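Novice: Pasted the sequence and its predicted model underneath.
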Amino acid sequence: MGFSVRQVSIYALSLNPWGFVFKLVVLSYLWSPVSSLGSMSPMATSYGDQGSVICVLKSDGSRTVNCYGKNSAIIYGTQPHLQFLGLTAGDGFVCGLLMSSNQPYCWGSSSHIQMGVPQPMIKGAEYLEISAGDYHVCGLRKPLKGRHRNTSFVDCWGYKMTKNYVFDGQIQSISSGAEFNCGLFSQNRTVFCWSDEPDNKDIISKVPKDNRFQKIACGGLHVCGILEGVNAKTLCWGRDLNMEEEIPLVHSGQGQGDIALVPNVSMLSVVGGKFHACGIKSYDHRVICWGCSLRGSTPPPSEIKVFEIAAGNYFTCGIIAEKSLQPVCWGTNFPTSLPIAASPRICRSTPCPPDYYEVDQKKGLCKPPDSHLCMPCSSGCPSEMYQKSKCNVTSDRVCEYNCTTCSSPECSSNCSVIYANPVPAVYLKKKNEKIWSQQLPVIIAEIAFVVFIVCVVSISAVLYVRYRLRNCKCSATRSKVKNPSLQNENIKIRPDMEEFKIRRAQMFTYEELERATDGFKEESIVGKGSFSCVFKGVLKDGTVVAVKRAIMSPSPNMQKNSKEFHTELDLLSRLNHAHLLNLLGYCEEGGERLLVYEFMAHGSLYQHLHGKNKEQLDWIRRVTIAVQAARGIEYLHGYACPPVIHRDIKSSNILIDEEHNARVADFGLSLLGPTDSSSPLAELPAGTLGYLDPEYYRLHYLTTKSDVYSFGVLLLEILSGRKAIDMQYDVGNIVEWAVPLIKSGDITAILDPVLKPPPDLEALKRIANVACKSVRMRGKDRPSMDKVTTALERGLAQLMGSPCIEQPILPTEVVLGSNRMHKKSSQRSSNRSANSEIDVPETEDQRFEFRAPSWITFPSVTSSQRRKSSGSEAEVDGKNNTAAEGRNIGSNIGVGVGGDVLRSLDEEEIGPASPRERLFLQHNF
Ligand SMILES: Nc1ncnc2c1ncn2[C@@H]1O[C@H](COP(=O)(O)OP(=O)(O)OP(=O)(O)O)[C@@H](O)[C@H]1O
């Protein structure tokens, strides 16, 4: 079948161990190029949160592998007896092409690819080459004979890619990028790429159409290919980096950060990192890099020659050609321990073919003494150079500058060194020695000065950090509370109680609370959770409170309840924010455990969204609640000390007070986060079905981004009025249902039908966009909570600024909530509560008595400093009903749509407010 670059049909077949089922999906027609992060080579570099690793085929020609670096799953998973033809690596895993079976074999850890021989594997399939992206690996099957000889088969395993791809035409090699793949056709040497991720359409559409390539290499978000011919140029193309948020990039090497501005030199090979590419220059085997790197990256070594290079996400490693054959790396977060030499190529039993030279056998590179290690000759000399000696059997060609035709600065400086010093070598040597003797003291003084400065800066930094942390005693307290012996119930938290007294959280007797709730009678129940019952009560002084009583059972849950009780007690007594539910006191007597909270007159958001009068919660009120809840969570993540991960964000945990302000409640599952936010907590998953972060659920990988996921689900719930999981619908999981619709640009399809859509849909689109980003599969792709809050504030401002919306602007606290007079307003509101019939006058002292601790205060965190505004309160109704959702610890959940970017919507949502928006916020809040 004739192959046309512009009309390549790709048939994606689901991998099937018993053979092919043709034509399950016809993906698309493609004519664009592809690239990859992990093309097959004797060296592969894995990256990711578990740490970077470099794996190399040993230099003794045994084809066995050695790995060095931080990822213990890779290091300990390395099989020393297996022989490989080449290696490739992705995020947290390495794969090798087995010599014995020509099948891939992977090790390390990946939740998307089965380690070992990836499954499902077609029986007897043999692969020519393998290549890994971030979360997938693909293999190019050996060409078939007979009627299938013009068809190529590529099998992939991993995130959204476990498929068999069938292509018209013979593919010579493949390369995988982060979430895409490219292939190079052998006949017309053109490149094509494919991906299911819409984010990658740039890469696919920008492929140079009429160029013939000799090699390709994919990076994270781009592809580079070396064109055919002597002095051939390298072309790179890819995604627009402006689309990437939050990446502190600097341009590296030449090209001002634009990956497409490739240095104009001929290259032997090229590799791609996440935002950068590096190549080996043909004429001197030195490395050159371009594109973007992270701030603080080590520059590529310009003076050493390398045989082979491989790129991780933010780093690159090369095998040094001269002397040692040891790998060397540059960039950021690269593996530092590289104590072995690597084989730059596979040893062969036959002599080197033409256009190859043999690497010095004295180095003992190949195990069998009569085998040969052949390296390709460089392809000609660059324009200002001439060939001093040809490539022969033992060495590559040597190029030198032609000083009569110099035009570039490099050439001029090189030649001026030669011509400006026509002096005898002995004289030169003496002169150098003299210069050295003069320069040495200066160099030593400079080094001493730098060391001195570094010491001063380090000491100052340490002192400063200690000074800032002098009041941060929370971790010490936490450990006290977290270790009570459950056997000694009566004595266990006494020392902590002293501390709570200091913090003014009141200790109640059981009798007091029993009286307040009328004997915990059924009618006082305002809600039920998995581990507790919540009663409305009125204290002696008339304060309306909510009393949360742990459900008593002598079950194994007892210990769990106790743990949650103490966690909540400990946390709540420390936290103080207008949009967190205040703890007023507690009681622990005998087996009873009770927490006393401010009473939230308007119940939970769940009741409003899914109760009878859901239309009463109009768009402005819904978005306001979202903003306030976001503020509370933002405080937990960013301002609590240490940071707190809530772990159970959901609509039944967003309570609405008398003044219609949202409060985040239920810290029973909260965990104090690591002070170093980059280190995830390996906790067993806990949370509520439908809201649970898939990454946390599957990998036990808990960071603040797990709350962001749950909050994203909450946003979808607020927009759609649908429950997080609702099996009445075809697609029961709200994420799976809403994200594709929003991405298709059809925002109205997900909006709650009980409300009329606002005339200007842009604000809700913004919010939907934030929701989509928040429920991305990978935590690191989700925005942080402060970004979410800023975007929501802007959405709210837009919604309120619309001339067609006649709703009053909500009061300061509604959005800001930073300077609310806690007790005063809440107690007053409690007393005014529609449910409260007791009217007891309050005194200043009483106000203080129950006031939550104020030693942690909420700093100013908004993207804009807001001022008080006038405006009436919105009214939300709904008081009773119990929460209908059940917590489901460790249950399976529907999978969110991952890696999604809402192309049809404004990508600038999450970022600083524009001057116009800032002005609006300042005037209205
Ligand atoms: N301070 C409060 N004021 C008024 N109502 C409250 C208060 N706290 C809780 N409730 C009501 O009680 C219900 C149960 O709350 P609780 O925190 O015990 O469980 P939950 O978070 O809904 O469920 P789970 O414990 O399974 O996560 C809430 O949904 C809410 O309707």
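Specialist: Yes, it's here.

Novice: Show me the strands in the stretch 601-750 of the chain, by range?
Specialist: All strands of the stretch 601-750 of the chain, identified by DSSP state E, counting those that start in this stretch, fall at 644-645, 654-656, 662-664, 671-672.

Novice: ah, wrong one, I meant the stretch 201-350 of the chain
Specialist: For the stretch 201-350 of the chain, the strands defined by DSSP E, counting those that start in this stretch cover 213-218, 222-227, 234-238, 249-251, 267-272, 276-281, 287-294, 306-311, 315-320, 327-331.

Novice: again with the stretch 51-200 of the chain
Specialist: 53-57, 65-69, 84-89, 93-98, 104-108, 127-132, 136-141, 151-158, 163-168, 171-176, 181-185, 191-194.

Novice: in its sheet, what does the second one sit against?
Specialist: Sheet pairing here is set by DSSP bridges, and for strand 65-69 it gives strand 53-57 (antiparallel).

Novice: what pLDDT, on average, does the partner strand get?
Specialist: Averaging pLDDT along strand 53-57 yields 90.

Novice: Show which residues not belonging to stretch 386-399 make contact with it.
Specialist: By Cβ atoms under 8 Å, 6 or more residues apart in numbering, the residues outside stretch 386-399 that reach it are 283-285, 352, 355, 357-358, 360, 375, 377-378, 380-382, 385, 400, 402. In this view, the C-beta of every residue, glycine as well, is placed from N, C-alpha and C.

Novice: what about 6 Å?
Specialist: In this structure, residues lying in contact with stretch 386-399 by Cβ atoms under 6 Å, 6 or more residues apart in numbering are 283, 357-358, 377-378, 381, 385, 400, 402.

Novice: what residues are up against the nearest residue to Gly116 once chain neighbours are set aside?
Specialist: Leaving aside its sequence neighbours, Gly116 sits nearest to Tyr105 (Cβ to Cβ, 6 or more residues apart in numbering; 6.4 Å). Tyr105 makes contact with 96, 98, 117, according to Cβ under 6 Å, 6+ apart.

Novice: returning to what we had before: any idea which of the strands of the stretch 51-200 of the chain gets closest to the ligand?
Specialist: The minimum distance between the ligand and the strands of the stretch 51-200 of the chain falls on strand 151-158, with 34.3 Å, by Cβ to the nearest ligand atom.

Novice: could you give the angle of that closest one to strand 136-141?
Specialist: Angle of strand 151-158 versus strand 136-141, following axes from the mean of the first three to the mean of the last three Cα atoms, to 10 degrees, is 160 degrees.

Novice: Direction included, what does strand 151-158 pair up with?
Specialist: When pairing is defined by DSSP bridges, strand 151-158 lines up against strand 136-141 (antiparallel), strand 163-168 (antiparallel).

Novice: For the stretch 501-650 of the chain, which residues are neighbours of the ligand?
Specialist: By Cβ under 6 Å from any ligand atom, the part of the stretch 501-650 of the chain that sits against the ligand consists of 526-532, 534, 546, 548, 581, 597, 599-600, 603-604, 648.

Novice: Tell me the buried residues within these.
Specialist: Buried members of these, scored by 16 or more other Cβ atoms under 10 Å, are 526-527, 529-532, 534, 546, 548, 581, 597, 599-600, 603-604, 648.

Novice: what's the burial count for the nearest residue to Gly92 once chain neighbours are set aside?
Specialist: Leaving aside its chain neighbours, Gly92 sits nearest to Gly48 (4.4 Å; criterion: Cβ to Cβ, 6+ apart). Look at Gly48: counted by other Cβ atoms under 10 Å, it has 23 neighbours.

Novice: wait, doesn't Ser131 sit right on Ser175?
Specialist: Yes - in this structure Ser131 lies within contact range of Ser175 using Cβ atoms under 6 Å: 5.1 Å.

Novice: Okay, now the unreliable bits of the stretch 551-700 of the chain?
Specialist: For the stretch 551-700 of the chain, the stretches flagged by pLDDT under 70 are 551-573, 641-642, 667-686.

Novice: quick one, helices of it?
Specialist: With helices called from DSSP state H, counting those that start in this stretch, the stretch 551-700 of the chain shows them at 557-574, 605-610, 619-638, 694-699.

Novice: Check the burial of whatever residue of the stretch 1-150 of the chain ends up closest to the ligand by counting its neighbours.
Specialist: Per Cβ to the nearest ligand atom, Ser111 is where the stretch 1-150 of the chain lies closest to the ligand, at 26.3 Å. Using other Cβ under 10 Å, Ser111 has 14 other residues around it.

Novice: Which pLDDT does the model give it?
Specialist: Looking at Ser111, the pLDDT reads 85.

Novice: Over to Asn181?
Specialist: With respect to pLDDT, Asn181 has a value of 94.

Novice: Okay, and the beta partners of it?
Specialist: Asn181 has these beta-bridge partners by DSSP bridges: Ser176, Trp194.

Novice: is it true that it touches Gly139?
Specialist: No - shown here, Asn181 and Gly139 do not form a contact pair, counting by Cβ under 6 Å, at 10.7 Å.

Novice: got the contact list for the one residue in the stretch 251-400 of the chain that gets nearest to the ligand?
Specialist: Of all residues in the stretch 251-400 of the chain, the one sitting closest to the ligand is Asn313 (37.6 Å; Cβ to the nearest ligand atom). Neighbouring residues of Asn313 by Cβ under 6 Å, 6+ apart: 47, 273-274.

Novice: Filtering these by proximity to the ligand, which remain?
Specialist: Contacts with the ligand are made by none of those, judged by Cβ under 6 Å from any ligand atom.

Novice: May I ask which of these comes out lowest in pLDDT?
Specialist: Among those, Lys274 carries the weakest pLDDT, at 88.

Novice: and Leu373, how many neighbours?
Specialist: Around Leu373 there are 24 residues (other Cβ under 10 Å).

Novice: actually Ile459, not the one I wrote
Specialist: Using other Cβ under 10 Å, Ile459 is surrounded by 10 other residues.

Novice: Go ahead and list the helix or strand containing it.
Specialist: Per DSSP states H and E, Ile459 falls inside helix 425-468.

Novice: so Gly90 touches Ala132, yeah?
Specialist: Yes - Gly90 lies in contact with Ala132 (Cβ under 6 Å); the separation is 3.9 Å.

Novice: ok, the strand or helix carrying Ala44: who's next to it in the sheet?
Specialist: Element membership of Ala44 [criterion: DSSP H and E] is strand 43-46. Using DSSP bridges, the strands paired with strand 43-46 are strand 53-57 (antiparallel).

Novice: which residues touch the partner strand?
Specialist: Taking Cβ under 6 Å, 6+ apart as the rule, strand 53-57 contacts 42-46, 63, 65-69, 71, 74, 87, 94, 317, 327, 335, 342-343.

Novice: No further questions, thank you.
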